[in-house]
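Peer 1: Sequence and predicted structure below; questions after.
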Amino acid sequence: MAVAGGLLLATGCGPGGGGGGNATGGANTPAGGGEIIVGEYASLTGKEATFGVSSHNGTQLAIDELNAAGGVLGKRFKLLTEDDQSKAGESATVVNKLIAREGAVAILGEVASSRSLEAAPICQQAGIPMISPSSTNPKVTETGDCVFRVCFIDPFQGTVMANFALKTLKAKRVAIFTDVKSDYSKGLAKFFKEGFLKGGGEIVSELDFNGGDKDFKGQLTTIKAANPEAVFLPGYYTDAALICIQAKQLGLNVPLFGGDGWESDQLLKIGQEAVEGNYFSTHYSPEAGSENGKRFVAAYQKAYKGELPDAMAALGYDSAMILADAIRRAGGTDPAKLKGALAATKDFDAVTGKITINPQRDATKSAVILQVKEGKFKYVETINP
């Protein structure tokens, strides 16, 4: 564990602050030494662990490649990773620790919007840039000018899925089933509804559930009675799989579709035939990759025993590479200069496509639609901004 003496003070985006947590990393090196200390927080355990593990694997691959090429500005990267255990409140604790004790010059994370919203104010107060790989709730970057992301946001994703329902599914009557415990789910449901109604669709039922519940049959029975032509389910993969199973059991035989929170092999393992034929939007598909994307897939499979990378892995990789590019352009890790370089990112050739950071510090980029087909995620189409 690398420990920096005292509280790291920065002037780039705000005043200093923070403390607490446990980090894992390489050899003991002071924060002011010959390495660039980067903090990462991810859900390596708990109910969204596949998100965190995939994102971390992509991030680690990027760091390893950067170091193999000599690092940036003559310095190697040192990645310190914290497990927030998929628990509310844990992100704030570990990010405080990464900044105040470990001396991280930047923070990478999180996948889940709720956990990014916990940590973003801490990074903003400390003046340390934070890059979320895949938190799509607009509120994340609204926290302040130190907070960035390399993914699209829910207003775009919600509109994409509204148009998909209307044009591809030909569904005019749709039900919405939302996880009220998730900022991600609530935000995506809101933007889907706005886009669907604007396009001439009708919302025949709007019901809620609590993420982590096991029995959804009461709400699904009500949804079935409303006779929808499809059900929009903006939740995470475990809940989505269980809901698909119970929908089939009740004879609710219409397409269920969701957002990027569905993308996990656990959706397939839990849902099995019940998720077959359903759809979701996400950030990336190996089937639709550029030459850079193909190179990434090969490198990832070599590093992780033939495993095919998902969108979270690709976005984790992109977040680290965009940070390295910004450090190079900034000429170092001074917080104000680094923030400025991140904000100036334009047409960066990322694995998930060309990335430009807009004035709201969000990434302007395309989305892809995947379908569960024969027990795998199959590419359907790409939707540009």
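Peer 2: Yes, it's here.
Peer 1: low-confidence ranges in the stretch 101-250 of the chain?
Peer 2: Nowhere does the stretch 101-250 of the chain drop to pLDDT under 70.
Peer 1: Helices of that one, residue ranges please.
Peer 2: Here the stretch 101-250 of the chain has its helices, by DSSP state H, counting those that start in this stretch, at 113-126, 139-142, 154-163, 183-198, 217-225, 237-249.
Peer 1: What's the first helix or strand after the host helix or strand of Q301?
Peer 2: For Q301, the enclosing helix or strand under DSSP states H and E is helix 291-303. Elements were assigned by DSSP H and E; along the chain past helix 291-303, the next helix or strand is helix 311-330.
Peer 1: domains of the protein?
Peer 2: Domain ranges of the chain: 35-152+289-366, 154-282, per automatic domain parsing.
Peer 1: nearest to K376, of these?
Peer 2: Each of those was scored for nearness to K376 using CB to CB, and the closest is domain 154-282 (7.5 Å). All C-beta spots, glycine's among them, are computed from the backbone N, C-alpha and C.
Peer 1: what's the span of the closest one from first residue to last?
Peer 2: Start and end residues of domain 154-282 are separated by 11 Å (CA to CA, to the nearest Å).
Peer 1: if we can go back for a sec, what's the most buried one of the domains of the chain?
Peer 2: domain 35-152+289-366 (a mean of 22; mean count of other CB atoms under 10 Å).
Peer 1: follow-up on the earlier one: any chance of the helices of the stretch 101-250 of the chain in TSV with distance to G375 as columns?
Peer 2: Written out in TSV, the entries for the helices of the stretch 101-250 of the chain read as follows (distance: least, CB to CB, whole Å):
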stretch	distance to G375
helix 113-126	29
helix 139-142	33
helix 154-163	23
helix 183-198	25
helix 217-225	23
helix 237-249	13
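Peer 1: Among those, which comes closest to N292?
Peer 2: Evaluated with CB to CB, the helices of the stretch 101-250 of the chain place helix 154-163 nearest to N292, the distance being 22.3 Å.
Peer 1: relative to helix 183-198, how tilted is that closest one?
Peer 2: In terms of direction (axes from the mean of the first three to the mean of the last three CA atoms, to 10 degrees), helix 154-163 departs from helix 183-198 by 50 degrees.
Peer 1: Alpha carbons of the helix holding Q301, in PDB - could you do that?
Peer 2: Coordinates of each C-alpha in helix 291-303 appear next as PDB, following Å, rounded to 0.1, in the frame of the first residue of the first chain:
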ATOM      1  CA  GLU A 291      -9.300  -1.800 -36.100                       C
ATOM      2  CA  ASN A 292      -8.400  -0.300 -32.700                       C
ATOM      3  CA  GLY A 293     -11.300  -2.300 -31.200                       C
ATOM      4  CA  LYS A 294     -10.100  -5.500 -32.800                       C
ATOM      5  CA  ARG A 295      -6.600  -5.000 -31.400                       C
ATOM      6  CA  PHE A 296      -8.200  -4.400 -27.900                       C
ATOM      7  CA  VAL A 297     -10.200  -7.600 -28.200                       C
ATOM      8  CA  ALA A 298      -7.100  -9.700 -29.000                       C
ATOM      9  CA  ALA A 299      -5.100  -8.100 -26.200                       C
ATOM     10  CA  TYR A 300      -7.900  -8.600 -23.700                       C
ATOM     11  CA  GLN A 301      -8.400 -12.200 -24.600                       C
ATOM     12  CA  LYS A 302      -4.700 -12.800 -24.300                       C
ATOM     13  CA  ALA A 303      -4.600 -11.200 -20.900                       C
END
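Peer 1: who does it touch, helix- and strand-wise?
Peer 2: helix 49-68, helix 311-330 (3 or more CB pairs under 8 Å, 6 or more residues apart in numbering; DSSP states H and E).
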